[in-house]
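>>> With the input below, show me the fold.
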Amino acid sequence: MTGEAKTDKAISSLPDGLWSQPPVDMSQIDLGESEPIQRVRIPATMRYTYSPGKATTQFLRALKEKRFIGDRCPTTDKVYVPPSGMSPIVGRPTIETVELGHTGTVTTFCVVDIDFTGGGMETPYVSALVLPDGADIAVYGLVSGVAADEVYSGQRVGAVWVSDEELTTSLENIKYWTPIDEPDVDLDELHERGLV
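Below is the predicted model of the structure:
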């Protein structure tokens, strides 16, 4: 670095107790004639505590029973999944829980040629947005059981669940979606609904 040394500037302050860092005792450290450090890369992690709330708790518990549910907006009649208890469009509470099907439609998708999961997934694989039957919002999921180049928008798919012994309160209970023998959904219909 040339010229004046740049110093860190505070851009905001955090509430007391949110962040703490122990003081560094430099009295026992002899740096000698070392060159000043200009850059350091340090791995960092952040841990979150998440309280799901009533609607999300019901959704997660339903998944443990191999049920898929959403919430209906009382104003627009749209069904949102996963439910949050509030319509994101009009900001009003949702008051009706809707049971959704185990089948859906691929709206958009991506063929992935690199294993980003670190779990050794065989590539290529397909990550897709799947619109569950009865919902107005698509959810992320894998499409499997067919070659990656055979997946397309409008394709009808069904959920493949983990075994009953593996069920937890997680969307990962759906291992993947696989093509089913039903007629495709017209892309114009998906486009009109803003899904493709």
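
>>> List the strands paired with the helix or strand containing Leu131, with their directions.
Assignment of secondary structure by DSSP states H and E places Leu131 within strand 125-132. Its sheet considered, strand 125-132 pairs with strand 103-112 (antiparallel), strand 139-143 (antiparallel) by DSSP bridges.

>>> tell me the average confidence for the last one?
Averaged over strand 139-143, pLDDT sits at 94.

>>> returning to that earlier point: can I get the strand holding Leu131 in PDB? Just the C-alpha atoms.
Output of strand 125-132 as PDB, limited to C-alpha atoms (Å, rounded to 0.1, in the frame of the first residue of the first chain):
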ATOM      1  CA  TYR A 125     -28.300 -32.600 -11.900                       C
ATOM      2  CA  VAL A 126     -31.400 -30.400 -12.200                       C
ATOM      3  CA  SER A 127     -32.400 -27.700  -9.700                       C
ATOM      4  CA  ALA A 128     -35.900 -26.400 -10.400                       C
ATOM      5  CA  LEU A 129     -38.700 -24.300  -9.300                       C
ATOM      6  CA  VAL A 130     -41.700 -26.600  -9.000                       C
ATOM      7  CA  LEU A 131     -45.300 -25.200  -8.600                       C
ATOM      8  CA  PRO A 132     -47.200 -27.600  -6.300                       C
END
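
>>> Residues in contact with it: which ones?
68, 70, 81, 100-112, 137-144, 148, 151, 157, 177, 190, 195 (CB atoms under 8 Å, 6 or more residues apart in numbering). For the C-beta atoms, the positions are set from N, CA and C on the backbone; glycine is no exception.

>>> swap in stretch 136-152?
Contacts for stretch 136-152 (CB under 8 Å, 6+ apart): 70, 78-82, 104, 106-109, 111, 124-132, 155, 157, 160, 171, 174-179, 184, 193, 195.

>>> Sort out which residues of that stretch are buried, please.
Of the residues in stretch 136-152, 136-139, 141-144, 148, 151 count as buried by neighbour count, 16 or more other CB atoms under 10 Å.

>>> about what we covered before: could you pull up the mean pLDDT of the strand holding Leu131?
pLDDT averaged over strand 125-132 gives 94.

>>> And stretch 56-73, by the same measure?
94.

>>> for the lengthiest helix in the chain, packing partners?
The single longest helix within the chain, with elements called by DSSP state H, is helix 53-64. Under the contact criterion of 3 or more CB pairs under 8 Å, 6 or more residues apart in numbering; DSSP states H and E, helix 53-64 touches strand 68-72.

>>> Strand partners (parallel or antiparallel) of the helix or strand that the strand it packs on is followed by?
Using DSSP H and E, the helix or strand that follows strand 68-72 in sequence is strand 79-80. Each strand paired with strand 79-80, and its direction, by DSSP bridges: strand 68-72 (antiparallel).
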